[in-house]
Structure formats: structure tokens, C-alpha cells
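1. structure for this input, please:
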Amino acid sequence: MPRDTLTADRIVREAIELLDDEGLDGLNMRSLAKRLGSAATAVYWHIKTKDELVRLASDAIWHEVELPDLDATDWRTAATAHATGMHAMLTRHPWLGQAFGSHLLHGPGQARHNDLSLGIYEKAGFAAADADRAAATVFTFVLGSTLGPAAQVSLNRRLSKSGADPEQRMADAMTRATETARQFPRLRERLNTTAATEYAAAPDDTFAFGLQSLLDGFEARLTAAGTSRHT
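-> Reported below is the predicted structural model:
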């Protein structure tokens, strides 16, 4: 395909698909160019480096997260919707969590969500510095909640490439983990009531439980601060 049919947007969209399929380690300009039906030199003409491509792809997927309307809803509903949207996006694109630790990521897509987060917690009643802390706390929780699924995707991909049977390797590892866990009373009790295949998995609704617990804490803190100002 001739170079002039390429655009940076098309390259970024294809890069996101490649990243979803192969992860950060699988992204290179040669593989991307093959998927685009082009030459690697043509890709470089539009986007100069792999790091810049990762930055652009990372920023593009932030646009998948819907921005709640702060004028039409209360702060807690907005916080829940925003955090849940970020969690879903990070789960769809597990490579982004890894990219946060290995690339310098910035752009308008991410910035508009940072700005919204500050607005949510300022609307809740936090002063600017504490709104920043609240937004960072929620984002850290959201990001951490997606690391398990992201690690599973990465592990399955690595085992498949090594020629191993991912399901068998996981089953063997789970058997060994279960044997170790049975040495400890609380873990043993859980195993007695939970299928071994579910032992390592977080209980249902763990993310929702954690998020609402965080927001409960914020609300209690704001209530206490309001009470102290009026005593």
C-alpha cells in the first residue's frame, strides 16, 4: 500500500490492535507495517519512534472513557462512573498499565480525564490540594485493580510463545499454590468452600466494593471536616 494512503490516525488505530493482541513486547514498526500493508519506512515517515507511537496509542484509548456531566449529576455518581469507565478501558487494553511504568505518557486524552477528576473531587467539597490527592488515590486503586487481569494476559501470551500449554502450566501452578495455602488456617478454610480453580481469583464485585469503600472514606472525611468547622 503506498505511503500516501497512510495517516498517523490509521497507524495509531492499528497499533492499538497490535498492542491488544501482542502487548508492548510485540510492538515493533516492522510488524505494524506488515499489518498496514506498508513498509516500515512509511510508518516512520508519519511517527518517528516507537516511544512516540506508544504515547499516541495510549492517549487515544482514553477517549473510550465517557466523561460524566458534572452539571447534571452529584459528585459520587460521577466518581463511580468515571472510575468504572477507566477500569473497563484498562481491562480492555492491559498493556496500558505496563506502559505507565515504562513510557512517558501524556496528551489531551489523558489530560481531559485528569481535569475531570479534579472537578469531581472539588465538587465533593475538597480543597484543591486534597482534590488532587483524592483523584490520585482513586486512579491508583483503579490501576492496581487491573494488574491481575493484565498479568494473566501477559503470562498466557508468554507461555504460548514458549510452546507450553498455558492451561496445563496454570493448572500445575495452581495445584502447588493450593498445597502451600493449605498450611495456613484462613486460606485452608477458604479452600474448603471454594473451588481450587477460583482460589487465586478475587471475589465477585471486589472492584465495586473497594471503590465504594474509598468514596465512603472521602465522604466521612468531608463530613468530619464540615462538622469541625461548625464547632
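2. list the contacts for the most centrally placed residue in the chain?
-> Ranked by distance to the mean C-alpha position of the chain (CA atoms, centre = their mean), the top residue is residue 90 at 2.7 Å. By CB atoms under 8 Å, 6 or more residues apart in numbering, the residues touching residue 90 are 96-97, 142-143, 146, 150. For every residue, glycine as well, the C-beta is placed using N, CA and C.
3. and if we set it to 10 Å?
-> 61, 65, 96-97, 100, 142-143, 145-147, 149-150 (CB atoms under 10 Å, 6 or more residues apart in numbering).
4. over to residue 140?
-> Contacts of residue 140 (CB under 10 Å, 6+ apart): residue 214.
5. same for the top helix by length along the chain, what does it pack against?
-> Longest helix in the chain by number of residues (criterion: DSSP state H): helix 206-229. In terms of contacts (3 or more CB pairs under 10 Å, 6 or more residues apart in numbering; DSSP states H and E), helix 206-229 is packed against helix 75-92, helix 108-124, helix 128-145.
6. tell me the buried residues in the shortest one?
-> Read it as helix 108-124. For helix 108-124, burial by neighbour count (16 or more other CB atoms under 10 Å) applies to 109-110, 113, 116-124.
7. for those residues, which one is nearest residue 131?
-> Of all those, residue 131 sits closest to residue 121, with 3.8 Å by CB to CB.
8. before we move on, the earlier item: dump the helices and strands packed on helix 206-229 to CSV, plus distance to residue 208 and mean pLDDT.
-> Formatted as CSV, the helices and strands packed on helix 206-229 follow (distance: least, CB to CB, whole Å; pLDDT from 0 to 100):
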stretch, distance to residue 208, mean pLDDT
helix 75-92, 8, 96
helix 108-124, 17, 97
helix 128-145, 10, 96
